[in-house]
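Trainee: Sequence and predicted model, in that order:
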Amino acid sequence: MTNALKQLWKTENVRVIFKFQSCMEHKTDNTYLDMELLRFTTAGSVDDGKSTLIGRLLYDSKSIFEDQLEAVQKASQQKGDRYLDLALFTDGLRSERQQGITIDVAYRYFNTPKRKFIIADTPGHIQYTRNMVTGASTANAAVILVDARNGITEQTLRHYYIAYLLGIRSIIVCVNKMDLVSYSSDTYFRIQDELQRANQKFPVSQIYFIPISALKGDNVVEPSSNMPWYTGPTLRQTLETIPIYNHSHQGPLRIPVQYVIRPLSEEFHDYRGYAGRIESGTIHKGDKILILPSGIQTEITSIHLGQSFLEEAYAPLSISLTLKDDLDLDRGDFICHADQPPQISSTIEAMICWFNALPMQVNHLYTIRQSTWEAKCKIVNQYYKLNFHSLTEEENQEPLKMNEIGRFILKTSRPMVFDSYRLIRSTGSFILIDDNTNETVGAGMIQ
C-alpha cells in the first residue's frame with residue numbers, strides 16, 4: 001500500500017467507521033473459525049420455558065464459565081429455589097429475574113465441536129411481539145416452544161407465522177415440559193398434528209418436532225430414557241445438522257452507499273471513495289456497475305478493505321470503492337450489476353408489524369427508512385389484517401394496533417430501490433418512524 005493512501009486513511013477528514021463482521025463468518029485457515037455459524041431465535045408463550053431451555057443447552061454443552069455458574073447458583077439460593085434456575089443464564093435484567101419473564105432480546109453465544117451458534121432469546125408476552133420480530137430478523141432458524149400441558153395457543157401461531165413471514169426456513173418445535181404430562185406420546189403427537197396443519201397453510205422448508213423437558217434435560221443435549229417412543233435427534237443434534245440457508249454472497253449485488261469519502265486536501269484533491277456494506281453478492285475490480293436510482297453505468301477501479309486493496313469482495317464485508325467516472329453519488333444510492341437490478345417504485349406493497357401503542361393512521365405522514373435510504377411516505381390502502389387465532393386473512397379496515405400484522409400499500413415521496421424480502425432481507429425490509437415522536441412505530445417486509 002502506498003504511503004499516500006495510508007495517509008489518506010489516517011486523515012482526520014475521513015471519519016468513517018466500518019462495522020466489520022466477525023471473522024468467524026469468512027474464510028480462514030483456522031479450524032475453529034472455519035466452523036459454520038448458525039443464528040437461531042427462540043419463541044413461545046409466557047412460561048413455556050425458553051430461557052430455561054437455553055440455560056440447559058448452555059449448561060449441558062459445558063458452555064458456561066465458572067464465574068457465571070457461581071453467580072447463578074448464588075442468585076438461585078437468594079430466591080429460595082430448590083434447584084439451579086437455568087433461566088438466569090439469559091435473563092439479565094433485574095425486572096426479568098424478579099418476575100421470571102423475558103422482556104428484552106438476549107443474545108448468547110456458544111459452540112459445539114460441529115458448529116458455532118448465536119442465540120436470540122425473545123420474549124413470550126404478546127406486548128413484546130415486536131421484540132420477537134427484532135430477534136428473528138437475522139435468524140437462520142427458529143426454536144418454538146410449546147407447553148405440553150397447554151398445547152398450541154394463539155401466541156404459538158403468532159410466533160410461527162412471524163418466523164414464516166421473516167423468511168426463516170427451518171423451524172424446530174420443542175414440545176416442552178413433557179415431564180409434567182408423564183411423558184405422554186399422545187400429547188406430543190396431538191400437538192405435532194395441530195401445528196402440521198399450520199405448516200400446510202404457511203409452509204416452511206423444514207419443520208422438526210422434538211419432545212423435551214428443559215428443566216430435566218430430556219432430549220436437549222442427551223437422549224431421554226423417559227421417552228423410548230421418540231427415536232429422533234436431540235435439540236442439539238438438530239441444531240448441528242439443519243441446513244444453513246445463508247448464501248448472501250451468491251445473490252445479486254447490492255451495496256447501499258453509506259458515506260462519500262472526500263478528504264478535501266491538497267494531497268488527495270481528486271480522491272472520491274464510496275463506503276458501504278455489501279448486503280448481497282460479490283464485486284470485482286473492473287466490474288461494470290449500475291448506480292440507482294439515477295441509472296448511470298460506470299466501472300469499479302479499486303476496492304479497499306481497511307488499508308488493503310482487494311480484487312474482489314463479497315457480502316457482508318464493509319468496503320470503500322472508487323469509480324472510473326466522477327459521479328455525484330449520495331447516501332442511500334444503490335450500487336448493483338446491470339444484469340440483476342432491483343426494483344424501483346414509489347408504490348410499495350408490504351406486510352407491516354405495528355410496534356406502537358397508538359394505532360396506525362392511514363394517510364398519515366411517516367418517515368420510511370430502508371438501509372441507508374429514507375423518505376416520507378403514506379399508508380394509502382389496507383388489504384387485510386391477519387387473525388392469529390385462525391391464521392386467516394381478514395379484510396378488516398380497522399386501524400392496525402400494537403403487535404398486529406397486516407398487508408398494505410405505501411406511497412413514498414421519492415422512488416425507492418428495493419427487492420422482495422424473501423430474496424434479500426436487508427433491501428426488502430424497512431421501518432416506519434413517527435416524525436412527531438421520533439419513535440419507530442412499525443417494521444415492514446416488502447412483498
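Mentor: Nice, thanks for sending it over. Residues are numbered from 1 along each chain as shown.
Trainee: so where do the helices sit in the protein?
Mentor: Listed in chain order, the helices of the chain (DSSP state H) span residues 3-10, 50-60, 66-79, 94-99, 129-136, 154-165, 185-201, 235-241.
Trainee: mind giving me the domain ranges of the chain?
Mentor: When the chain is parsed into structural domains using automatic domain parsing, the resulting residue ranges are 3-17+249-336, 35-241, 343-446.
Trainee: Quick one: mean pLDDT for the shortest one?
Mentor: Average pLDDT, domain 3-17+249-336: 81.
Trainee: got it, and the longest one?
Mentor: For domain 35-241, mean pLDDT rounds to 81.
Trainee: Any buried residues in stretch 221-240, and which?
Mentor: 221, 223-224, 227, 230, 233-240 (16 or more other Cβ atoms under 10 Å). In this view, the C-beta of every residue, glycine as well, is placed from N, C-alpha and C.
Trainee: Span of it from start to end?
Mentor: End-to-end distance for stretch 221-240, by Cα to Cα, to the nearest Å: 11 Å.
Trainee: And the contacts of it?
Mentor: Outside stretch 221-240, the residues that touch it by Cβ atoms under 8 Å, 6 or more residues apart in numbering are 38, 40, 53, 56-57, 60-61, 112, 114-115, 117, 141, 143, 172, 174, 178-179, 183, 185, 188, 208-213, 216-220, 241.
Trainee: just to revisit the earlier point, what is the nearest of the buried residues of stretch 221-240 to residue 380?
Mentor: Compare each of these with residue 380 using Cβ to Cβ and the shortest gap goes to residue 239, at 43.0 Å.
Trainee: quick one: the closest one and residue 109, what's the gap?
Mentor: Taking Cβ to Cβ, to the nearest Å as the measure, residue 239 and residue 109 are separated by 13 Å.
Trainee: okay, and the common contacts of these two?
Mentor: Both residue 239 and residue 109 are contacted by residue 117, under the criterion Cβ under 8 Å, 6+ apart.
Trainee: Could I get the full set of strands for the stretch 101-250 of the chain?
Mentor: If DSSP state E, counting those that start in this stretch is used as the criterion, the strands of the stretch 101-250 of the chain fall at 106-111, 115-121, 141-147, 170-176, 206-211.
Trainee: err, the stretch 251-400 of the chain, not the other one
Mentor: Secondary structure of the stretch 251-400 of the chain, counting by DSSP E, counting those that start in this stretch: strands at 255-256, 259-261, 273-277, 282-284, 288-292, 296-305, 308-310, 312-314, 318-323, 334-336, 343-354, 365-370, 373-387, 392-394.
Trainee: Tell me the strands beside the fifth one, with direction?
Mentor: Which is strand 288-292. Sheet pairing of strand 288-292 (DSSP bridges) gives strand 296-305 (antiparallel), strand 334-336 (antiparallel).
Trainee: ok and the first one relative to strand 273-277, angle-wise?
Mentor: Strand 296-305 and strand 273-277 meet at an angle of 70 degrees, taking axes from the mean of the first three to the mean of the last three Cα atoms, to 10 degrees as the criterion.
Trainee: coming back round to it: would you mind giving me the ChimeraX syntax to select the buried ones in the contacts of stretch 221-240?
Mentor: For the buried members of these, the matching ChimeraX selection, counting by 16+ other Cβ under 10 Å, is:
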select :38,40,53,56,57,60,112,115,117,141,143,172,174,178,179,183,188,208,209,210,211,212,213,216,217,218,219,220
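Trainee: Can you pull up the most central residue in the protein?
Mentor: A centroid search over the chain (Cα atoms, centre = their mean) returns residue 138, at 1.7 Å, as the residue closest to the centre.
Trainee: any idea how far it lies from residue 313?
Mentor: Counting by Cβ to Cβ - residue 138 and residue 313 are separated by 21 Å.
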